[in-house]
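**Student:** Sequence first, predicted model second:
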Amino acid sequence: MILAAGFGTRLGPLTQVRPKPMLPIAGASLVRWSTLWLRSQGVRELVINLHHLGEQIEADLGDGSELGMKIHYSHEAGKILGTGGGLRQARPWLDDGSGAPILVLNGKIMFELELADLLATHRARGSEATMVLRDDAEGIWGGSLAAGEDGRLATFLGETRPGTQPGPKMMFTGIHIFEPRFLDRVPDEGEQCIVRTAYKSLFREGGGPAVHRSEGYWWEHSTPERYLQGIRSVLDGRVALPHAPGPVVGVHASASVAADVRIEGPVHVGPGARIEAGAVLGPYAQIGAGAQVGAGVRVRNAALWPGQRLERDLIDAVEPGPAPSAV
């Protein structure tokens, strides 16, 4: 399941135009990148929960047949259900009675991970749930988690299991795998965060959730600044994307670029884009499919979203275009 129902308020006006999982990076939305990763790992069926502007996600991915997958959509009307509530609502699709574990991803991230390695950890530990953790290199994620020598959580939200020796402080990546019965720990009412309900319950039983440590690329895109950094990382090749549908860096063959345009790479210019005379792109310019950059305009460390026309310089910023009209 890909969790995609949040409002993305820290992105400001950007999420008035698109929901956070629809932020475009190098020719694909975040939710499409996650779906492509799942396909590359052998997954063929998934669930995505929807709320704010969720129809855009459904329009982007459809029923999944284009990708050789089957996608179910869990629509959350009214109040957002939270991670636990969203998973509980989607359980009829997630739990087919076979006992197969359930993989969950946050819809705002790009990452490197081998699913086979995660499954191996989950099976070896024999826990109800396994969280993918990583070092908190940025030092901004709270440091409230730590693994013990037994490969399970020793510290959870600042609480340490008796008799354990916690390792370095770590952070939750938003990727986890668990047995279907784990969802029984999410209450029918009240707090709906799966971390503060189901994971807290399992931790306090003593055995604790298992930990799979990831050292690969990981980035979340919850602010305009983080979004632009995510684009720079992709254009710089800092994340391996073997599941990419095409080149992520360069100018698409169908784009129209005037002869005197100056390109200072790396850049991404999408299909059908038009760059007019005297424009300067880059470094780190992302021009969406069908977008137009006017004559003499400079685009640097910036993203012009698909289908938009730009008549002024765009530097260290995002031009998303107008918000969709209310129905």
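**Tutor:** Now that the structure is in, tell me what you want to look at.

**Student:** use CA for all of it now, contacts and neighbours both
**Tutor:** Noted.

**Student:** Now Gly85: which helix or strand?
**Tutor:** Secondary structure assigned from DSSP states H and E places Gly85 in helix 82-89.

**Student:** Return the distance of that helix from the chain's centre.
**Tutor:** 17 Å (CA atoms, centre = their mean, to the nearest Å).

**Student:** Buried residues in that helix, which are they?
**Tutor:** Neighbour counts over helix 82-89 (16 or more other CA atoms under 10 Å) mark Gly82, Thr83, Gly84, Gly85, Gly86, Leu87, Arg88 as buried.

**Student:** Where does pLDDT dip in the stretch 201-327 of the chain?
**Tutor:** Scanning the stretch 201-327 of the chain for pLDDT under 70 picks out the ranges 325-327.

**Student:** What ranges does this protein have for its helices?
**Tutor:** According to DSSP state H, the chain carries its helices in the segments 14-17, 30-40, 54-61, 82-89, 91-94, 115-125, 200-204, 224-235.

**Student:** roughly how far apart are Tyr95 and Leu183?
**Tutor:** Tyr isn't right for residue 95; it's Asp. Distance of Asp95 to Leu183, given as CA to CA, to the nearest Å: 10 Å.

**Student:** picking that back up, possible to save the helices of the chain as CSV with distance to Pro324?
**Tutor:** Compiled in CSV, these are given as follows (distance: least, CA to CA, whole Å):
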stretch, distance to Pro324
helix 14-17, 6
helix 30-40, 19
helix 54-61, 11
helix 82-89, 25
helix 91-94, 31
helix 115-125, 37
helix 200-204, 40
helix 224-235, 19
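
**Student:** and of those, who's closest to Ala323?
**Tutor:** Across those, Ala323 has its closest neighbour in helix 14-17 (4.2 Å, CA to CA).

**Student:** Put the alpha carbons of the closest one into CSV.
**Tutor:** This file holds the C-alpha atoms of helix 14-17, laid out as CSV (Å, rounded to 0.1, in the frame of the first residue of the first chain):
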residue,chain,number,x,y,z
LEU,A,14,2.2,23.7,-4.4
THR,A,15,-0.4,21.4,-2.9
GLN,A,16,-3.2,23.6,-3.9
VAL,A,17,-2.3,22.5,-7.5
